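[1] Pasting the sequence and the predicted model now:
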Number of protein chains: 2
Amino acid sequence: MTTGAGQTPHRRRAGNGAARRIDADEIGLDTLVGHAGYAVRRFQIWIFQDFIKTLEEVDIRPTQYSVLTLIGANPGLSQMAVAKRLGIERARLVHLLDSLEERKLVKRIKSKSDRRSHALHLTTQGETALAKFKRLAAEHERHVEQKLGKANRERLLQILAGFT
Amino acid sequence: MTTGAGQTPHRRRAGNGAARRIDADEIGLDTLVGHAGYAVRRFQIWIFQDFIKTLEEVDIRPTQYSVLTLIGANPGLSQMAVAKRLGIERARLVHLLDSLEERKLVKRIKSKSDRRSHALHLTTQGETALAKFKRLAAEHERHVEQKLGKANRERLLQILAGFT
DNA sequence: TATTGTTATACTCTATAACTATA
DNA sequence: TATAGTTATAGAGTATAACAATA
């Protein structure tokens, strides 16, 4: 708590220039190892990269996937509702939907009850595509399971269930 | 696996315009609830926001904190070594260090053994400042503990230990 | 030839603010 | 007046590529 050297041995020869080659895996993280945020950030980078790579053939990224899944399960949602539910800025969702609409996966339908808002739906093509995306996403999830172990993955989901 | 409706009841009146007001917390996430990546992303957003807010008075963000902590525990590291260890692009680290050097927290010293590289050190001021940052970061970590529970936070750190 | 630090570019994402058309 | 969608801008963060100095 005081000096900050702690559990990290200083692997260098002297206090001035770097004297010898230091491998990445022998550099101590000091207090970072006790921060959940650090571990979570590193894990999130890994998991997103695996998701992107696993769904590369269909060119769908995590946020796009979450939007499509939400609309697929709740057709007719407004943009505001989707943005709030997923924690996306509504300004950002506009561009996400522009791209998904160009790809004919989603359509915006003017709401009759509130003419300011759009009811969001998957196209028929979008429903078919989403089914494939879900199969690939399930494959990605198996990678996660292999990486963490089955029990750990389930524990993780339980621990973080409150943030979804 | 086929249609995608699954565990999510469709809370709307008809297939066209949105018929009634839907609250955010009653929108089902469908298969997203089974994705570790989704939960992790939402949690990471929460935890980073708390970190940023808790260290707002000293204007230090998570990445800056990780760089300072690493240099503090391993003085003399090169920029390449820091970038590799933390998974930051070396091009990005240049700007991060520019800003930390302007604030007199870090200094770049030309290495004598390899004149291409810089040995990174905290300034005296940087060491004092880092001690304060660590106290605030510990306070942030207590917020995490309050949010997750003590046992869950520790389990989370164990599960993700391999990604640090 | 390869590596370190640097500069530059592009794209994603977050955070705002302001505008329009509606309510 | 407030809200839904849109447009625009600025700042992080990520991903590349290219360059100078040095190995």
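    Looks like it arrived, so ask away.

[2] just checking, what packs against the lengthiest helix in chain A?
    In terms of residue count, the longest helix belonging to chain A (DSSP state H) is helix A:124-148. Helices and strands touching helix A:124-148, as assessed by 3 or more C-beta pairs under 8 Å, 6 or more residues apart in numbering or on different chains; DSSP states H and E, comprise helix A:36-54, helix A:62-73, helix A:150-159, helix B:36-54. For every residue, glycine as well, the C-beta is placed using N, CA and C.

[3] does any bit of the second one sit next to DNA strand D?
    No: if you take C-beta under 7 Å from any atom of the strand as the test, helix A:62-73 misses DNA strand D, and the best it gets is 11.7 Å.

[4] Counting by contacts, list what the next helix or strand after that helix packs against.
    Next helix or strand after helix A:62-73 toward the C-terminus (DSSP states H and E): helix A:79-86. Helix A:79-86 is packed against helix A:62-73, helix A:90-102, strand A:118-122, with contacts defined by 3+ C-beta pairs under 8 Å, 6+ apart.

[5] Now with 10 Å, please.
    helix A:62-73, helix A:90-102, strand A:118-122, helix B:36-54 (3 or more C-beta pairs under 10 Å, 6 or more residues apart in numbering or on different chains; DSSP states H and E).

[6] a markdown table please, covering the helices and strands packed on helix A:124-148 and showing distance to A:H118, mean pLDDT and mean neighbour count.
    A markdown table is the format used below for the helices and strands packed on helix A:124-148 (distance: least, C-beta to C-beta, whole Å; pLDDT from 0 to 100; neighbours: other C-beta atoms under 10 Å in any protein chain shown):
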| stretch | distance to A:H118 | mean pLDDT | mean neighbour count |
| --- | --- | --- | --- |
| helix A:36-54 | 27 | 95 | 19 |
| helix A:62-73 | 11 | 97 | 23 |
| helix A:150-159 | 32 | 97 | 16 |
| helix B:36-54 | 24 | 95 | 19 |
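
[7] Okay, now the unreliable bits of chain A?
    Within chain A, the ranges that satisfy pLDDT under 70 run A:1-25.

[8] Show me which residues of it sit near DNA strand D.
    Checking chain A against DNA strand D by C-beta under 7 Å from any atom of the strand, the hits are A:45, A:49, A:78-80, A:83, A:90-91, A:94-95, A:97-98, A:108, A:114, A:116-118.

[9] Quick check on these: which are buried?
    Neighbour counting by 16 or more other C-beta atoms under 10 Å in any protein chain shown classes A:78-79, A:83, A:97, A:108, A:117-118 among those as buried.

[10] Pick the one among these closest to B:A131.
    The nearest member of those to B:A131, counting by C-beta to C-beta, is A:A83 at 40.7 Å.

[11] Can you name the residues that contact the closest one?
    Contact analysis of A:A83 by C-beta atoms under 10 Å, 6 or more residues apart in numbering or on different chains lists A:67, A:77, A:89-94, A:96, B:24.

[12] what would those look like in TSV with distance to B:F133?
    Converted to TSV, these look like this (distance: C-beta to C-beta, whole Å):
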residue	distance to B:F133
A:V67	37
A:L77	42
A:E89	29
A:R90	34
A:A91	32
A:R92	31
A:L93	35
A:V94	37
A:L96	36
B:A24	35
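
[13] Residues in contact with stretch A:139-147: which ones?
    By C-beta under 10 Å, 6+ apart, stretch A:139-147 touches A:43, A:46-48, A:50-55, A:62, A:65, A:151-154, A:156-157, B:31, B:34-37, B:40, B:162-163.

[14] just to revisit the earlier point, distance to B:T128 added to the helices and strands packed on helix A:79-86, as CSV?
    Output for those, formatted as CSV (distance: least, C-beta to C-beta, whole Å):
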stretch, distance to B:T128
helix A:62-73, 40
helix A:90-102, 40
strand A:118-122, 53
helix B:36-54, 19
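
[15] Go through the ones you listed and name the closest to DNA strand C.
    Of all the helices and strands packed on helix A:79-86, helix A:90-102 sits nearest to DNA strand C, with 3.3 Å by C-beta to the nearest atom of the strand.

[16] Nearest to B:T123 among the helices and strands packed on helix A:79-86 would be which one?
    Set against B:T123 and scored by C-beta to C-beta, the helices and strands packed on helix A:79-86 come closest in helix B:36-54, at 23.3 Å.

[17] Run through who's touching stretch A:154-164.
    Applying C-beta under 10 Å, 6+ apart, the contact partners of stretch A:154-164 are A:40, A:43, A:85-87, A:144-145, A:148-149, B:29, B:32-36, B:38-47, B:147-149, B:151-153, B:155-156, B:158-160.

[18] when you check DNA strand C, which of those turn up near it?
    The subset of the contacts of stretch A:154-164 within reach of DNA strand C, by C-beta under 7 Å from any atom of the strand, is B:I45.
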